[in-house]
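# Could you look at this predicted model? Sequence included:
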Amino acid sequence: MNCRSWFKTCLGAALLLVAAVPALAFDRAQLDAAVAGRMDAAVADLQDWVRVPTITAAGDPHRADKTALLGAIVARARALGLTARLLPGEQVAIVDLGQGDNALGILVHADVVPPGDAARWTHSPFGGALIDGAVWGRGSLDDKGPLVASLYAMAALKDAGLPLKRPVRLIVGSSEENMDWRDLDAVRAAGLVPTEGWTADAGFPVIYAEKSYLDVAAVFGGPADPVLRKFSGGTAPNAVPETATASLAGVPVTLAATLQSAIDAYQGGPAPATFSVEQTAGGVQITARGKAAHGAKPEAGVNAITHLARLLHRARQAVGIDATSAQGRAVAFIAEQLGLETDGGALGLRHSVANLGASTVNLGLLSGTDAGLRAQLNIRLPQGIDLATQRARLTSALAPYQGQLEVIEGKEALWVDPQTPLVQALLGIYRQFTGDQTPPLAIGGTTYAKAFPGFVAFGMGFPGGPMLAHAENERLKVDDLRRGMAIYLAALAHLAAGVTLEPPPSP
């Protein structure tokens, strides 16, 4: 064999070897082009899907319009060359790329919160208008935009032809917004829970830890109080109530004078509520005013309900509240076991963890029933005290007051080691696209990541942007849709195909 033939033989072998080895890098220019080429279709789908009013309310897990939208998602996924179907019950859509075990998952939801007063919107909440570089409408940001970005990222990964090391599974739920996630039971029943993954239903960079979430009601029944006829306040369990009102029966002048003396002597801590007393035909009405805040940060507000309960409890003998009545026992529980604490100390729930901070307990809603009073609590604790223990301690705290615990909804705390390959890979990809060096986050809120083990929250909200989820004039910038799709495509290519992302060439 001469030198020229030997060289040709070696070169041919080398080319065959290179052709047989999967690509080790995903060129950034190719990635950007793949995303850009899909933007028109992605924006059109987002507009169409925002126009479907898939509202979820309490006790409303199944709606025909949700099934219709999920059906449209399945149809689009199939048109993009992906495998897709509705699970039994038709409230969850599954989109798959590849086959096998050890699936990488993306979890999103197709339902939305109510729009509120449509008159306060600049553009129709279900119009899906494309104006000023953004798609307007309820769900555009939370969570239909991230759904679209995830779906088209999967399609781009398929079209790139990269050999997959593991399958990718997109799960689209439809009852996330009311914290009733029983729709996902169909995923578990079908054995389709991914090994690990993320929810595209929060913010960047990566959320690896969240406090537990527990909504309960303390219910007090029995004989009605002869004096304290009504006591109510608040609008939602996860909001610090700004106002609370109580109606007391008796001689108006006498009651008003007694309550005013109690108000004058009241010590309400560093941030007290204010009180006003109004005489009525059959007694008085007393109103407490505090400061509203999110239920995850009750220390930032002034709870009107607990302040009014403390005032009434101190004045109970003077005004004639019966300590054995349903109302009297409820007031005593609120005053003695909640009081001005926001960390649940008296309830046995005080607990703190580095990065997540302290436990929080918020009495957000108090309402009368035919038999007594019902106080709703929103409780959030870092990992370390599970929901069963929390319920047991609450039951014990209520026992002396003859109160009953009603569990409304609960989600265990989330914690994924921030040093795991999943978190580090997602963090690295986000930083590569944005240059933002923000460390992974631990929050007091709740995301869909709590639904499955090994899940974190990864986008699609970018730091510094307006907080428009659940707000009027919710909208998603088309540029943010593009950025999110590119980040998700890079994450899928790395975690499912094992390739790295090459940076763009220097100018």
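On my side now, so go ahead.
# so where is this structure shaky, pLDDT-wise?
Low-confidence segments of the chain (pLDDT under 70): 1-25, 57-62, 504-507.
# Go through the helix ranked longest in it and flag the buried ones.
What stands out as the longest helix in the chain, according to DSSP state H, is helix 478-497. For helix 478-497, the neighbour count (16 or more other CB atoms under 10 Å) marks 478, 480-497 as buried. Every residue, glycine included, has its C-beta placed from N, CA and C.
# count of neighbours near the residue nearest to Gly348 when sequence neighbours are not counted?
Of all residues not flanking Gly348 in the chain, Arg393 sits nearest, at 4.1 Å (CB to CB, 6 or more residues apart in numbering). Arg393: 15 surrounding residues under other CB atoms under 10 Å.
# Tell me which stretches of the stretch 51-200 of the chain form strands.
83-86, 93-97, 104-109, 130-131, 134-136, 168-173, 196-199 (DSSP state E, counting those that start in this stretch).
# Save these as JSON lines, and put in mean neighbour count and distance to Asn378 too.
Listed next are these as JSON lines, based on neighbours: other CB atoms under 10 Å; distance: least, CB to CB, whole Å:
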{"stretch": "strand 83-86", "mean neighbour count": "17", "distance to Asn378": "33"}
{"stretch": "strand 93-97", "mean neighbour count": "23", "distance to Asn378": "30"}
{"stretch": "strand 104-109", "mean neighbour count": "26", "distance to Asn378": "21"}
{"stretch": "strand 130-131", "mean neighbour count": "14", "distance to Asn378": "36"}
{"stretch": "strand 134-136", "mean neighbour count": "25", "distance to Asn378": "31"}
{"stretch": "strand 168-173", "mean neighbour count": "26", "distance to Asn378": "22"}
{"stretch": "strand 196-199", "mean neighbour count": "26", "distance to Asn378": "21"}
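# Kindly reformat these as a markdown table containing distance to Leu405.
Shown next, in a markdown table, are those (distance: least, CB to CB, whole Å):
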| stretch | distance to Leu405 |
| --- | --- |
| strand 83-86 | 37 |
| strand 93-97 | 36 |
| strand 104-109 | 29 |
| strand 130-131 | 49 |
| strand 134-136 | 43 |
| strand 168-173 | 28 |
| strand 196-199 | 30 |
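# Gln279 and Ala471: what is the separation?
For Gln279, the distance to Ala471 equals 40 Å [CB to CB, to the nearest Å].
# how's the chain carved up into domains?
Using automatic domain parsing, the domain ranges for the chain come out as 23-211+415-502, 213-410.
# any idea how far the last one is from the chain center?
Just to be clear, that refers to domain 213-410. Offset of domain 213-410 from its chain centre (CA atoms, centre = their mean, to the nearest Å): 25 Å.
# Between the two ends of that domain, how far is it?
Length of domain 213-410, first residue to last, CA to CA, to the nearest Å: 5 Å.
# Report the contact partners of the residue nearest the centre of the chain.
For the chain, the residue nearest the mean C-alpha position is Thr447 (3.6 Å; CA atoms, centre = their mean). Neighbouring residues of Thr447 by CB atoms under 8 Å, 6 or more residues apart in numbering: Thr199, Asp201, Ala202, Ile207, Glu210, Leu414, Ala457.
# tally of neighbours for the second one?
Put plainly, it is Asp201. 25.
# Check the fifth one too.
As a burial measure, the neighbour count of Glu210 was computed by other CB under 10 Å and equals 28.
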